[in-house]
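1. only the shape, not the letters, is given here:
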């Protein structure tokens, strides 16, 4: 931590949403975060659930071996934020491996219509965990279809940004997921421009990577123009925004 705080090199993190990381380096003069934290993500997901008048929600999240070394913001803030939105019926399911994920899928999905009552927030720790849930849901559905008499019921599934990746989306077999991604401000037009240029919707925080590149480009230009040795200060200058014309990356 001390090396990071004392380092003269800037560190720009386009997609780092870990709340502990952002809090730990909030006062570091060389660290810039381009995305909201997991706390904000969880607030958005629970706000969506509350807006649908769903009063029952389950959190499916990773249970690390050490809570100090690997804190799950979703687990730590889930009950508090749910209470703020007036959601009383809450449950937390913690998994350690794929077997746990598949066992929980069997609890969450069945031919009982009451399983569709409420929502599930899923925060996968990696791609394998995301695909394990998807695969087990498909297996359950296939078993029910072979019986030929009943339907599969499951809660509305909302996923964290950890689910939104090309690797996961290209491999899932069931279309039952909603969720959140690190996206661009809709009014900026970036999402539309990206899709026109590349032929596919953006995913994985491309807008934040683009902003990070621009931020560094402007700062390097200012550094060259002003002959400054402190690149971190150059970044601070261009995001300061207090000048009359709000364009501090060059004196003019």
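-> Received the coordinates, thanks. This is a predicted model, so every value here is computed, not measured.

2. contacting residues around residue 19?
-> Taking Cβ atoms under 8 Å, 6 or more residues apart in numbering, we find residue 19 in contact with 37-39, 73, 77. (Each C-beta comes from the backbone N, C-alpha and C, glycine too.)

3. please redo it, this time with the cut-off set to 6 Å
-> 37-39, 73 (Cβ atoms under 6 Å, 6 or more residues apart in numbering).

4. of those residues, which belong to helices?
-> Cross-referencing the contacts of residue 19 against helices under DSSP state H gives 38-39, 73.

5. top of those residues by neighbour count?
-> residue 38 (24 neighbours; other Cβ atoms under 10 Å).

6. which pLDDT does the model give the nearest residue to it once chain neighbours are set aside?
-> Spatially, and ignoring its direct neighbours in sequence, residue 38 is nearest to residue 73 (3.9 Å; Cβ to Cβ, 6 or more residues apart in numbering). At residue 73, the model reports a pLDDT of 88.

7. against which helices or strands is the helix or strand that contains residue 44 packed?
-> Element membership for residue 44, per DSSP states H and E: helix 38-51. Applying 3 or more Cβ pairs under 6 Å, 6 or more residues apart in numbering; DSSP states H and E, we find helix 38-51 packed against helix 73-84.

8. give me that answer again for 8 Å
-> Secondary structure elements in contact with helix 38-51, counted by 3 or more Cβ pairs under 8 Å, 6 or more residues apart in numbering; DSSP states H and E, are helix 73-84, strand 119-123, strand 156-159.

9. give the buried residues for the helix or strand that the longest one is followed by.
-> Think helix 73-84. Using DSSP H and E, the helix or strand that follows helix 73-84 towards the C-terminus is strand 89-95. Buried residues in strand 89-95, defined by neighbour count with 16 or more other Cβ atoms under 10 Å: 90, 93, 95.

10. ok, stretch 136-144 next?
-> 136-138, 140-141, 144.

11. for the record, mean pLDDT for it?
-> Mean per-residue pLDDT for stretch 136-144: 93.

12. show me the shaky parts of the stretch 1-150 of the chain.
-> For the stretch 1-150 of the chain, the stretches flagged by pLDDT under 70 are 1-7, 65-71, 149.

13. one more pass at 90, please.
-> Residue ranges of the stretch 1-150 of the chain with pLDDT under 90: 1-9, 18, 20-21, 26-27, 29, 55, 63-73, 145-150.

14. for the buried residues of stretch 136-144, which one is nearest residue 171?
-> Using Cβ to Cβ, residue 138 is the member of those that sits closest to residue 171, with 11.6 Å.

15. who's in contact with that closest one?
-> Contact analysis of residue 138 by Cβ under 8 Å, 6+ apart lists 173-174.
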